[in-house]
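Student: Below: sequence and its predicted model.
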Amino acid sequence: MKKTSTNTKMRNEIVFFDVETTVPIVNRKRFWMLEFGAILVCPRQLVEIESYSTLIKPGDLSAVAERSARCNGIARQSVASAPTFRQVADRIYDILNGRVWAGHNICRFDCARIREAFADIGRPPPQPIGTIDSLSVLKRQFGNRAGNLKVSYLQSINRTMIKCV
């Protein structure tokens, strides 16, 4: 687990989270957050304490292209009436701040999107007390033997393994 120094109140829960974003058509275009979902888990009993999930209307609705919908299943009409990030920022901050963050590829992708979204509204982002990134763990443990390590690939392996049992 990667440790992070922070002046926040320390809590021992683990929050597993994921964000879905637009897919920029041009490399210099930005990502817009379209969905945030999190499950807060007690690490001692491994039980869910709470969960939160919301679609998010991006600052630029035209950025939700057909390509984005093919990647994550979120179409422009799905987020057109969703709350803006500013409207859900307090809830996202509360569920993330001062906890251990866990997820797949969060260090390189999701954490950056969280920081960008809070910067867009002029607020400091939540801070983790540590991170657990399943992509990093899999790369370190299995290298290329684990396949492409995308969540969709890992899910297909998991479904195959369940059928074999």
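Tutor: All right, it came through fine.

Student: Got phi/psi on residue 25?
Tutor: Main-chain torsions, residue 25, degrees, to the nearest 10: phi -80, psi -40.

Student: for residue 33, that is, sorry about that
Tutor: Main-chain torsions, residue 33, degrees, to the nearest 10: phi -70, psi 130.

Student: What does the pLDDT read for it?
Tutor: On pLDDT, residue 33 comes in at 94.

Student: Need the CA coordinates for stretch 109-121. CSV is fine.
Tutor: What follows is stretch 109-121 as a C-alpha-only set of coordinates in CSV (Å, rounded to 0.1, in the frame of the first residue of the first chain):
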residue,chain,number,x,y,z
PHE,A,109,-6.1,7.6,-14.0
ASP,A,110,-8.9,8.0,-11.4
CYS,A,111,-6.8,10.1,-8.9
ALA,A,112,-5.9,12.5,-11.6
ARG,A,113,-9.5,12.9,-12.7
ILE,A,114,-10.5,13.6,-9.1
ARG,A,115,-7.8,16.3,-8.7
GLU,A,116,-8.9,17.9,-12.1
ALA,A,117,-12.6,18.0,-11.1
PHE,A,118,-11.9,19.6,-7.8
ALA,A,119,-9.5,22.1,-9.5
ASP,A,120,-12.2,23.0,-11.9
ILE,A,121,-14.5,24.2,-9.1
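
Student: Now do that stretch, average pLDDT.
Tutor: The average pLDDT within stretch 109-121 is 96.

Student: Would you mark the buried spots in it?
Tutor: Across stretch 109-121, burial judged by 16 or more other Cβ atoms under 10 Å covers 109-111, 113-114, 116-118, 120. All C-beta spots, glycine's among them, are computed from the backbone N, C-alpha and C.

Student: next one: stretch 20-27
Tutor: When burial is assessed from 16+ other Cβ under 10 Å, stretch 20-27 yields the following buried residues: 20-23.

Student: Which of those residues sits closest to residue 137?
Tutor: Set against residue 137, the nearest of the buried residues of stretch 20-27 by Cβ to Cβ is residue 20 (21.9 Å).

Student: before we move on, what SS does the most centrally placed residue in the chain have?
Tutor: The centroid of the chain falls nearest to residue 18 when counting by Cα atoms, centre = their mean (2.3 Å). When classified by DSSP: H, G, I helix; E, B strand; the rest coil, residue 18 comes out as strand.

Student: you'd agree it is up against residue 102?
Tutor: No. Counting by Cβ atoms under 8 Å, residue 18 sits too far from residue 102 to count as a contact (10.1 Å).
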